[in-house]
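Asks: mind folding the following:
(one chain, ligands or ions: 1)
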Amino acid sequence: MQKRVRVPYIVYAECIGCGVCVELCPTVFQLDDQAGYAIVINQGGAEPDIIQNAMDHCPTACIHWEEV
Ligand code: SF4
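Replies: Predicted coordinates:
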């Protein structure tokens with residue numbers, strides 16, 4: 001059986017572009033200044049607990065795990 005991997009994704013419509021996730025985990029998240037929201041630049045760019053910490057501090061809780 002293939003091992004499933006969890007990767008983070010952002011619900012853009014709920015992101016307010018505050019930059020907290022970028023501050024806490026810049027190797028995974030980056031602000032798209034033109035769009036006004038954060039994007040995932042590297043889904044595997046940090047240890048899961050670092051990504052989870054960014055998720056936990058997102059004020060709108062719009063970062064989620066997705067199994068791929
Ligand atoms: S912490 Fe949440 S609301 Fe703030 S920029 Fe990141 S995804 Fe958007």
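
Asks: let me see the backbone angles for the nearest residue to Val11 once chain neighbours are set aside.
Replies: With Cβ to Cβ, 6 or more residues apart in numbering as the criterion, Val11 has its nearest non-adjacent residue at 4.4 Å, and that residue is Cys62. Backbone N, C-alpha and C define where each C-beta goes, glycine included. Backbone torsions of Cys62, given as degrees, to the nearest 10, read phi -100, psi 10.

Asks: Cys62: neighbouring residues, count only.
Replies: The number of residues packed around Cys62, counting by other Cβ atoms under 10 Å, is 18.

Asks: would the top helix by length along the chain count as contacting the ligand?
Replies: Secondary structure of the chain per DSSP state H: the longest helix is helix 48-57. No: figure legend: helix 48-57 not in contact with the ligand (Cβ under 6 Å from any ligand atom); closest approach 6.6 Å.

Asks: in the following helix or strand past that helix, which residues are buried?
Replies: Where DSSP states H and E defines the elements, the next helix or strand beyond helix 48-57 is strand 63-67. For strand 63-67, burial by neighbour count (16 or more other Cβ atoms under 10 Å) applies to Ile63.

Asks: for stretch 17-25, same thing?
Replies: So for stretch 17-25, counting by 16+ other Cβ under 10 Å, buried means Val20, Cys21, Val22, Leu24, Cys25.

Asks: any chance of the residues you listed in a markdown table, plus distance to Val5?
Replies: Formatted as a markdown table, the buried residues of stretch 17-25 follow (distance: Cβ to Cβ, whole Å):
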| residue | distance to Val5 |
| --- | --- |
| Val20 | 24 |
| Cys21 | 20 |
| Val22 | 23 |
| Leu24 | 21 |
| Cys25 | 17 |
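
Asks: among those, find me the one that's closest to Gly36.
Replies: Nearest to Gly36 among these, counting by Cβ to Cβ, is Val22 at 13.1 Å.

Asks: how about that closest one, secondary structure?
Replies: helix (DSSP: H, G, I helix; E, B strand; the rest coil).
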